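**Student:** build me a structure from this.
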Amino acid sequence: MVAALVAGGVDARAGLVARFGPGEVAIFYYPWYGTPSRDGAWQHWQQHDNAPPAQIASGWFPIRGAYSSSDPAVVRAQMHEIASSGVQTVIVSWWGPGSVEAGRLPDVASAARAAGLRIAVHIEPFAGRTPTSLEPQITALAAQGVTDFYIYDSTKTPDSEWRALNGRLHGVRLLANTALPGKAEAGGFAGFYTYDVYIYDGSSFPRICASARLHGLVCAPSVGPGYNALRATGDTRIRGRKDGATYDNMWRSAVRAAADIVTITSYNEWHEGTQIEPARAVGPPYASYDGAYGRFGRSAQLAYLDRTGYWVNRYRERMRR
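**Tutor:** Numbers count the residues shown, from 1 in each chain. Okay, the predicted model is just below:
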């Protein structure tokens, strides 16, 4: 049953509290990985001239190796890990009708719900995406129980077009990808999220969430452990993990801001090095989580998942006050 929410304004914030009590934690999830044995070809692990399974498009190496997102056992295990950390919602990357990600969404949603998790959809900037073209897609997904939609690169489309769409939709919430509450309000969005953990280090979270409250918007800033996309894209920009200090600092700011939703970038965006999914030490050129929170070896593989649980508890304590 689709929750009876109003997209936008004070009603969106009231709907949030009615569903979750104080605070929600959601995590971005990517179902786009593939292997020849399951999917007919490598998907994503090979980008930027990498040669999986030994060489992959990431600065870290998953504990599961170069896996397939169509493998039910992998997806079940991932959803269990996410639920065990205290996260409530999985925000699944979606690249439009007919995409690999859209095809995998039902299985991901089934595994997530079996683990006690909600599903939201991260609408990516696929070719031909417009607010008008999204309306039937959002309506169809809402009929399957999806009520929250995060719109990546929303600011590249005129506010008036988003406002028209948001005015026609009922029973769902759309969140804009921006750090500007006024921009989200101009598009008629229910709220906003930042996503990018290289540009946004958390220092602005208290200010933007205070502004969101004045505008009646849901504030959903994004926290993450760091950023390093060099092996996957050649991007030389890096936000180091600092043995967990980067993640802690962003979480601390989100808690201080009393964010309505804390969004985590990410569970498994291995290309950009924002993942908290377990990684194993295989040696250069791949980094490991060794040293994070003083942990090494097998214990370090789970360091960021376990730390997420710590911060989820701190956040909920703050929101209950």
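**Student:** only C-alpha atoms for contact and neighbour calcs from this point on.
**Tutor:** Will do.
**Student:** tell me the bridge partners for residue 93.
**Tutor:** For residue 93, the beta-bridge partners are residue 122 (DSSP bridges).
**Student:** I'd say it and residue 30 touch.
**Tutor:** Yes: assessed by Cα atoms under 8 Å, residue 93 is found in contact with residue 30 at 5.3 Å.
**Student:** okay, and the common contacts of the two?
**Tutor:** residue 101 (Cα atoms under 8 Å, 6 or more residues apart in numbering).
**Student:** in the stretch 1-150 of the chain, which spans are strands?
**Tutor:** 24-29, 89-94, 118-123, 148-151 (DSSP state E, counting those that start in this stretch).
**Student:** how about those strands in CSV, adding distance to residue 78 and mean neighbour count?
**Tutor:** As requested, the strands of the stretch 1-150 of the chain are exported to CSV (distance: least, Cα to Cα, whole Å; neighbours: other Cα atoms under 10 Å):
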stretch, distance to residue 78, mean neighbour count
strand 24-29, 10, 24
strand 89-94, 11, 24
strand 118-123, 14, 23
strand 148-151, 21, 23
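**Student:** these: which one's closest to residue 313?
**Tutor:** strand 24-29 (10.4 Å; Cα to Cα).
**Student:** what's the spacing between that closest one and its chain's center?
**Tutor:** Distance, stretch centre to chain centre, for strand 24-29: 5 Å (Cα atoms, centre = their mean, to the nearest Å).
**Student:** partner strands of that strand and their direction?
**Tutor:** strand 89-94 (parallel), strand 261-264 (parallel).
**Student:** so for the shortest one, what's the average pLDDT?
**Tutor:** Read that as strand 261-264. In this model, strand 261-264 has a mean pLDDT of 98.
**Student:** so where do the helices sit in the stretch 101-250 of the chain?
**Tutor:** Secondary structure of the stretch 101-250 of the chain, counting by DSSP state H, counting those that start in this stretch: helices at 131-143, 159-168, 181-186, 205-215, 230-233, 245-256.
**Student:** got JSON lines for the ones you listed, with mean neighbour count, mean pLDDT and distance to residue 62 too?
**Tutor:** Converted to JSON lines, those look like this (neighbours: other Cα atoms under 10 Å; pLDDT from 0 to 100; distance: least, Cα to Cα, whole Å):
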{"stretch": "helix 131-143", "mean neighbour count": "15", "mean pLDDT": "97", "distance to residue 62": "30"}
{"stretch": "helix 159-168", "mean neighbour count": "17", "mean pLDDT": "98", "distance to residue 62": "38"}
{"stretch": "helix 181-186", "mean neighbour count": "20", "mean pLDDT": "98", "distance to residue 62": "36"}
{"stretch": "helix 205-215", "mean neighbour count": "19", "mean pLDDT": "97", "distance to residue 62": "30"}
{"stretch": "helix 230-233", "mean neighbour count": "20", "mean pLDDT": "97", "distance to residue 62": "14"}
{"stretch": "helix 245-256", "mean neighbour count": "21", "mean pLDDT": "98", "distance to residue 62": "19"}
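**Student:** cool, thanks, signing off.
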